[in-house]
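>>> give me the fold of what follows.
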Amino acid sequence: MPKIKKKNKDVDINIKVNNLDKLAKAGRKMHDRKSGWKCHGLNVWGFGSALAIVLSYVRNSSIFWAIIHGILSWFYVVFRIIVDYKLFG
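Take a look at the predicted model:
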């Protein structure tokens, strides 16, 4: 019975691990270059703008005012909370 030569899987695994390590290092270098003056708070402003648009459209049924209040974003949301719940007066 002839012996079947087994392929050494350790070599394959080592090559793949080394390539992944190189890829991770390259990704970190690119991220360090790109993240100079990046603002991470844009997601919060986007959510505030969407919330303001929904609140405005539900209250006024006007696309024009929804756009204006979407631009004002969190300022309109806080204003609506103060007025609706009569926090100051």
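>>> what score does N8 have for pLDDT?
Looking at N8, its pLDDT stands at 56.
>>> apologies, that question was intended for Y76.
Looking at Y76, the pLDDT reads 96.
>>> what's the neighbour count on it?
Per other CB atoms under 10 Å, the neighbour tally for Y76 reads 22. Heads up, the C-betas are built off the backbone N, CA and C, glycines and all.
>>> what residues does the helix or strand containing S49 touch?
In the assignment (DSSP states H and E), S49 maps to helix 42-60. Residues from elsewhere that reach helix 42-60, judged by CB atoms under 8 Å, 6 or more residues apart in numbering: 62-63, 65-74, 76-77, 80.
>>> repeat that for 10 Å
With CB atoms under 10 Å, 6 or more residues apart in numbering as the test, helix 42-60 has contacts from 39, 62-81, 84.
>>> how about the helix or strand following it: buried residues?
Beyond helix 42-60 on the C-terminal side, the first helix or strand identified by DSSP H and E is helix 63-72. Within helix 63-72, the residues scored as buried using 16 or more other CB atoms under 10 Å are A66, H69, G70, L72.
>>> what about the chain, any weak spots by pLDDT?
1-20, 22-24, 26-42 (pLDDT under 70).
>>> from Y57, how far off is L51?
11 Å (CB to CB, to the nearest Å).
>>> right, I mislabeled it, should have said I63
7 Å.
>>> and if you look at D84?
15 Å.
>>> so between the two, which is more surrounded?
Y57 (16 against 10).
>>> and Y76, what does it touch?
G48, S49, L51, A52, I53, L55, S56, W65, A66, I68, H69, G70.
>>> same list (those) but as TSV, adding distance to K25.
Shown next, in TSV, are those (distance: CB to CB, whole Å):
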residue	distance to K25
G48	37
S49	38
L51	40
A52	43
I53	43
L55	47
S56	48
W65	51
A66	47
I68	48
H69	46
G70	42
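>>> closest to F88 among those residues?
Of all those, F88 sits closest to L55, with 18.8 Å by CB to CB.
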